[in-house]
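J.: When you get a sec, could you give me coordinates for this:
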Amino acid sequence: MSRSEGSESQVFTINLGRAWLTPQYKRTDRVMNIIRDFAKKHIKTDDIRIDQDLNRQVWKTGRRNPPRKIRVKIIKDEDGTAVISLYEVAKTESEESKSEEEEKNSDATSSDTKQI
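T.: Numbering: from 1, shown residues only. The predicted model follows:
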């Protein structure tokens, strides 16, 4: 847990498997409630905000097929408001350069096979 400027930030992996106990047409609604209840329990606040990117990620596959688990970052402000957002792993510079080199190599090999 890191503290900066009066806010707390924590990363959690939330198991959403309980949503499969509900009817298919209510699963994603149940997932959103599970996420909200999880934050209330672990952050101990009632003022919960769900980030738009997290909402889109959950609803991406529709109402009947939400994800089984999701990795989130919860930030609690000094006024007690908690914001739940998707957790994104930051790539280091060495990882980025490796991925760029792999892309160049795959492009070069694919162009060689086209010419043959």
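J.: which outside residues touch whatever helix or strand Ile35 lives in?
T.: Assigned by DSSP states H and E, Ile35 belongs to helix 27-43. Contact with helix 27-43 is made by 8, 10, 12, 14, 16, 18-20, 22, 45-46, 48, 50, 54-55, 58-59, 62-67, 70, 72, 74, 76, 82, 84, as judged by Cβ atoms under 8 Å, 6 or more residues apart in numbering. C-beta: built from backbone N, CA, C; applies to glycine.
J.: if you average pLDDT over whichever strand or helix holds Glu103, what comes out?
T.: Using DSSP H and E, Glu103 maps to helix 93-115. Averaging pLDDT along helix 93-115 gives 66.
J.: Out of the contacts of helix 27-43, list just those in strands.
T.: In this view, the contacts of helix 27-43 that belong to strands under DSSP state E are 8, 10, 12, 14, 48, 50, 70, 72, 74, 76, 82, 84.
J.: Include pLDDT and neighbour count when you put the residues you listed into JSON lines, please.
T.: Below are the ones in strands among the contacts of helix 27-43 laid out as JSON lines (pLDDT from 0 to 100; neighbours: other Cβ atoms under 10 Å):
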{"residue": "Glu8", "pLDDT": "86", "neighbour count": "15"}
{"residue": "Gln10", "pLDDT": "93", "neighbour count": "16"}
{"residue": "Phe12", "pLDDT": "95", "neighbour count": "17"}
{"residue": "Ile14", "pLDDT": "95", "neighbour count": "18"}
{"residue": "Ile48", "pLDDT": "95", "neighbour count": "18"}
{"residue": "Ile50", "pLDDT": "96", "neighbour count": "17"}
{"residue": "Ile70", "pLDDT": "95", "neighbour count": "20"}
{"residue": "Val72", "pLDDT": "96", "neighbour count": "20"}
{"residue": "Ile74", "pLDDT": "95", "neighbour count": "22"}
{"residue": "Lys76", "pLDDT": "94", "neighbour count": "22"}
{"residue": "Ala82", "pLDDT": "95", "neighbour count": "23"}
{"residue": "Ile84", "pLDDT": "95", "neighbour count": "23"}
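J.: possible to save these as CSV with distance to Ser99?
T.: Compiled in CSV, the ones in strands among the contacts of helix 27-43 are given as follows (distance: Cβ to Cβ, whole Å):
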residue, distance to Ser99
Glu8, 32
Gln10, 28
Phe12, 27
Ile14, 28
Ile48, 35
Ile50, 30
Ile70, 24
Val72, 25
Ile74, 29
Lys76, 33
Ala82, 33
Ile84, 28
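J.: Fine by me, we can end here.
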